[in-house]
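A.B. asks: Dropping a prediction and its sequence here:
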Amino acid sequence: MKTPLQFWLVKTEPESFSIEDLAASPQQTTCWDGVRNYQARNFMTAMKRGDRLLFYHSNAKPPAVVGTAVVVREAYPDQTAWDPHDHHFDPKASPDHPIWQMVDLKLEEIFPQAVPLEELRAVASLKNMELLRRGSRLSVQAVARQEFETIVKLAHRKRPGGKP
DNA sequence: GCCAACGTTGGC
DNA sequence: GCCAACGTTGGC
C-alpha cells in the first residue's frame, strides 16, 4: 500500500536562500543542507518523494509563507557536515558517520500572494501550527494536510482592494 | 537592537 | 544526571 502524502514546512532566511534562489536553481531543485538540529533532521528522514512543503521566509519583512516545494530525493548524508570550511561543519560527522541528512527539494510554486505570519495567526483553523507556537524555532516542521491546504488557499484568494 | 525561547555544552 | 552558562533563532 502506498504511503499517503505528508506535508511539511521548511524555514529559510531569504538573505541566505530565498524561494527566488530556488526558482533560479538548475531544475529548480536544491539540496536542503545545513540542518543541524536532531528533531528537524528526523523530520527530513521521514520525508518521502512527492511529499509537499510550505516554503517559509524567516527574518524577512514580513516573515511569510511564500510558496511550495516537493520532495524529489529522500534523505541522504549531508556532506557539508564534514567539510571544515563549511559554515555548518560538525567535527563529529564523517563519511562513515554522517549524523546529518538532507533531502532534495524542487520548487512547486511561488505564491501569487505571500501569506504573512500575522495573517496566519488570525486563522482559527491554524492555531495549532508549530510555526505559530511561541518561541518556535524548529526549521523543519510537520504540518497537517488541512493546514497546508488552508495556506495555499489563502495565497490564491482574491482580496478586496487587491491588485486587479 | 532587544529579548524570549530554546538547544547544546561542560563542570561537577 | 543536574543545571548554569552560553550561543542561536527569529519576531518585534
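C.D. replies: Structure received.
A.B. asks: Where does the prediction get shaky in chain A?
C.D. replies: A:1-2, A:159-164 (pLDDT under 70).
A.B. asks: again, 50 this time
C.D. replies: Chain A contains no residues with pLDDT under 50.
A.B. asks: Just confirm yes or no for stretch A:59-68 near DNA strand C.
C.D. replies: Yes. Stretch A:59-68 reaches DNA strand C (Cβ under 7 Å from any atom of the strand) through A:59-60, A:63. All C-beta spots, glycine's among them, are computed from the backbone N, C-alpha and C.
A.B. asks: first to last residue in that stretch, what's the distance?
C.D. replies: 18 Å (Cα to Cα, to the nearest Å).
A.B. asks: now what about the helix ranked longest in chain A, what contacts it?
C.D. replies: The helix spanning the most residues in chain A, taking DSSP state H as the definition, is helix A:145-156. The contact list for helix A:145-156, computed with Cβ atoms under 8 Å, 6 or more residues apart in numbering, reads A:5, A:7, A:52, A:54, A:65, A:67-68, A:111-115, A:119-120, A:123, A:125-126, A:129.
A.B. asks: what's the following helix or strand after the longest strand along chain A?
C.D. replies: Longest strand in chain A by number of residues (criterion: DSSP state E): strand A:101-116. Moving toward the C-terminus from strand A:101-116, the next helix or strand (DSSP states H and E) is helix A:117-121.
A.B. asks: What residues sit buried inside that next one?
C.D. replies: Across helix A:117-121, burial judged by 16 or more other Cβ atoms under 10 Å covers A:117, A:119-120.
A.B. asks: which one of the residues you listed is nearest A:Val35?
C.D. replies: Nearest to A:Val35 out of these is A:Leu117 (Cβ to Cβ; 21.0 Å).
A.B. asks: With adjacent residues omitted, what lies nearest to the closest one?
C.D. replies: Spatial nearest neighbour of A:Leu117, chain neighbours left out: A:Pro63 (4.5 Å); criterion: Cβ to Cβ, 6 or more residues apart in numbering.
A.B. asks: Give me every residue in chain A lying close to DNA strand B.
C.D. replies: A:37-39, A:133-137.
A.B. asks: Could you work out the most separated pair of those?
C.D. replies: A:Tyr38 and A:Arg134 (21.4 Å).
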